[in-house]
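[1] Here is a sequence together with a model predicted from it:
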Amino acid sequence: MAQKTNPFENMLEQLDAAAEIAGLDKQDYITLRYPERELTVNFPVKMDDGSIRVFTGYRVQHSTVRGPAKGGIRFHPDVDMDEVRALAAWMTFKCAVVDIPYGGAKGGVTVDPTGLSQGEIERITRGYTAKIADFIGPEKDIPATDVNTTQQMMGWIMDTYSTLAGVYSPGVVTSKPVEAGGSVGRKEATGLGVFFVTRELAKKLNMDLAKSTVAVQGFGNVGSNAAKYLYEAGAKIVAASDVSGGLYCEDGIDIPALLEHVEKHPRRLIEGYRQDGIKTTDNHGILTCKCDFLVLAALENQITEEVAKEVQAKVVVEGANGPTTFAGDKVLEERGVIACPDILTNAGGVTCSYFEWVQNLQHHYWDLETVNSNLERIMVKAFNEVYEVADELKIPMRMAAYIVALKRLIAVQKIRGIFL
């Protein structure tokens, strides 16, 4: 059995490699190699059958140098501290790449939510929130949705925190329903950001997006929206997958029909979808199928060293956090496969969360056109900054993105100094 890749060590390898290319002394960025604060909580929850189960949750604040910590909460059976540490660090760099005034955080509960009732999920969410309530806040740490968490769950977090604080605090969390202070466009924002970056990269590479083929690993919120926008731009989506399996169609998948199928599926999955020419495949088949763009929108550590040797895509687009290992990244680079990094590509979600937070603090709300035009402006600007560094230094885009982020973080750290 292959040893599990430690995502935090993977992040440190990426960080050190970028710092070396940029000629930075480790003293310049040593604080970024360590999370500022880490919290582990254990909390009891009464289940529907009357039994008591104790769940373990985590919250990590990696950096607050450039602003309040920001990062989602995931519910997944594989959640552990190393994963949350890595995700928090990636959030720090992601916010710096797109130049929004946040630091990085992440949280999670070790739980498989499938099979749990709505009431059980609510009690777990509220129990976790109560335990981390002193750790978070509109000016300290602002959670959001992530894997297996929803807008409704953000509503429960907001309500729990507001009740404990004794004041209505919509700015404590983002990705809320619009009716509860959420921003229009937030649900689609990460996928739309993936599209913007893919579109801009295609221009730089002189690839016609309307004549390109795309495979999407992970057809959840991010992957399905990325597929929708790419399909509308004329791209042919030849493959898609989720936890229920994978689909491949050389002639292209009818994305509107697949989206309609998922919407009607009791678990919002692609399983059971039928279309002429569709073949079923597995996760490995999706990752290694022939295509121009491979969009990774599932979990971390998908493109390992072994998988990277078989990737047939010309460009890997990271819509998920940390989907490519350090060793896998090296193989892609050696093979000439371009990897568009997560800390740039999937930053649309946190950017729109920033918009939501600003709207909450100002009690003034924007329309969809304002949200999406601002999102496009920020994503395109960040892409161009990263691409220019990559082109100037003749380095991969991942290293360029880290360099852009590091310079911003180090500049603020030097201004603030070290509190002794």
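    Cool, the structure landed. Residues are numbered from 1 along each chain as shown.
[2] looking at the chain, which residue ends up farthest from its center?
    Distance from the C-alpha centroid of the chain, by Cα atoms, centre = their mean, peaks at residue 50 (35.7 Å).
[3] Which helix or strand contains that residue?
    Counting by DSSP states H and E, residue 50 is held by no secondary-structure element, helix or strand.
[4] how near is it to residue 119?
    Per Cβ to Cβ, to the nearest Å, residue 50 is found 12 Å from residue 119. Where you see a C-beta, it was placed from the backbone N, CA and C, and this is true even at glycine.
[5] Same check on residue 194?
    According to Cβ to Cβ, residue 194 and residue 119 sit 34 Å apart.
[6] more crowded one of those two?
    Higher neighbour count among residue 194 and residue 119: residue 194, with 33 against 11, using other Cβ atoms under 10 Å.
[7] For the helix or strand harbouring the more buried one, name the packing helices and strands.
    Assigned by DSSP H and E, residue 194 belongs to helix 186-204. For helix 186-204, the packing partners by 3 or more Cβ pairs under 8 Å, 6 or more residues apart in numbering; DSSP states H and E come out as helix 221-232, strand 293-296, strand 315-318, strand 338-340, helix 342-345, helix 348-362, helix 368-393.
[8] Looking at the ones you listed, which is nearest to residue 400?
    Evaluated over the helices and strands packed on helix 186-204, closeness to residue 400 peaks at helix 368-393, with 3.7 Å, by Cβ to Cβ.
[9] quick one: average pLDDT of that closest one?
    Mean pLDDT, helix 368-393: 98.
[10] which is the next helix or strand following it?
    By DSSP H and E, the next helix or strand past helix 368-393 is helix 397-416.
[11] Kindly state the beta-bridge partners for residue 214.
    Residue 214 has the following beta-bridge partners by DSSP bridges: residue 237, residue 293.
[12] what's the neighbour count on it?
    Neighbour count for residue 214, taken as other Cβ under 10 Å: 28.
[13] now do the one 3 residues further on
    Each residue near residue 217 was counted by other Cβ under 10 Å, and the total is 26.
[14] From start to finish, how long is stretch 136-156 in a straight line?
    The first and final residues of stretch 136-156 sit 14 Å from each other (Cα to Cα, to the nearest Å).
[15] Repeat that for stretch 141-156.
    Stretch 141-156 has an end-to-end distance of 16 Å (Cα to Cα).
[16] going forward, begin numbering at 39 instead of 1
    Shifting the count to begin at 39 puts that one at stretch 179-194.
[17] Just the mean pLDDT for it, thanks.
    Throughout stretch 179-194, pLDDT has a mean value of 95.
[18] before we move on, the earlier item: dump the helices and strands packed on helix 224-242 to a markdown table, plus mean neighbour count.
    Output for those, formatted as a markdown table (neighbours: other Cβ atoms under 10 Å):
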| stretch | mean neighbour count |
| --- | --- |
| helix 259-270 | 23 |
| strand 331-334 | 30 |
| strand 353-356 | 26 |
| strand 376-378 | 24 |
| helix 380-383 | 29 |
| helix 386-400 | 23 |
| helix 406-431 | 17 |
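[19] for the longest strand that the chain contains, packing partners?
    Longest strand of the chain, by residue count under DSSP state E: strand 90-101. Packing partners of strand 90-101 (3+ Cβ pairs under 8 Å, 6+ apart): strand 75-84, strand 107-108, helix 119-135, strand 141-148, helix 156-170.
[20] how about those, which one is nearest residue 348?
    helix 119-135 (24.8 Å).
[21] returning to what we had before: show me the one of the helices and strands packed on helix 224-242 that comes nearest residue 68.
    Closest to residue 68 of the helices and strands packed on helix 224-242 is helix 380-383 (Cβ to Cβ; 19.6 Å).
[22] Just the mean pLDDT for the closest one, thanks.
    Mean pLDDT, helix 380-383: 96.
[23] One more: stretch 269-284?
    Mean pLDDT, stretch 269-284: 94.
[24] got the contact list for the residue farthest from the centre of the chain?
    Neighbour list for residue 88: empty [criterion: Cβ atoms under 8 Å, 6 or more residues apart in numbering].
[25] how far away is it from residue 241?
    59 Å.
[26] Likewise for residue 425?
    Using Cβ to Cβ, residue 425 is found at 10 Å from residue 241.
[27] do the same with residue 422
    In terms of Cβ to Cβ, residue 422 sits 11 Å off from residue 241.
[28] returning to what we had before: check which residues of the helix holding residue 232 are buried.
    Residues of helix 224-242 classed as buried: 224-240 (neighbour count, 16 or more other Cβ atoms under 10 Å).
[29] now do stretch 444-452
    Those would be 444, 446-448, 451, for stretch 444-452 by 16+ other Cβ under 10 Å.
[30] Out of the residues you listed, flag the one nearest to residue 115.
    Checking the buried residues of stretch 444-452 against residue 115 with Cβ to Cβ, the nearest one is residue 447 at 32.8 Å.
[31] wait, what's in contact with the closest residue in space to that closest one that isn't next to it in sequence?
    Nearest residue to residue 447 in three dimensions, chain neighbours excluded: residue 134, at 5.3 Å (Cβ to Cβ, 6 or more residues apart in numbering). By Cβ under 8 Å, 6+ apart, residue 134 lies in contact with 104, 442-444, 446-447.
[32] What angle do helix 435-454 and the one helix or strand in the chain whose mean pLDDT sits lowest make with each other?
    Least confident helix or strand, the chain: helix 45-60 with a mean of 90, by mean pLDDT, DSSP states H and E. Per axes from the mean of the first three to the mean of the last three Cα atoms, to 10 degrees, the angle that helix 45-60 makes with helix 435-454 is 80 degrees.
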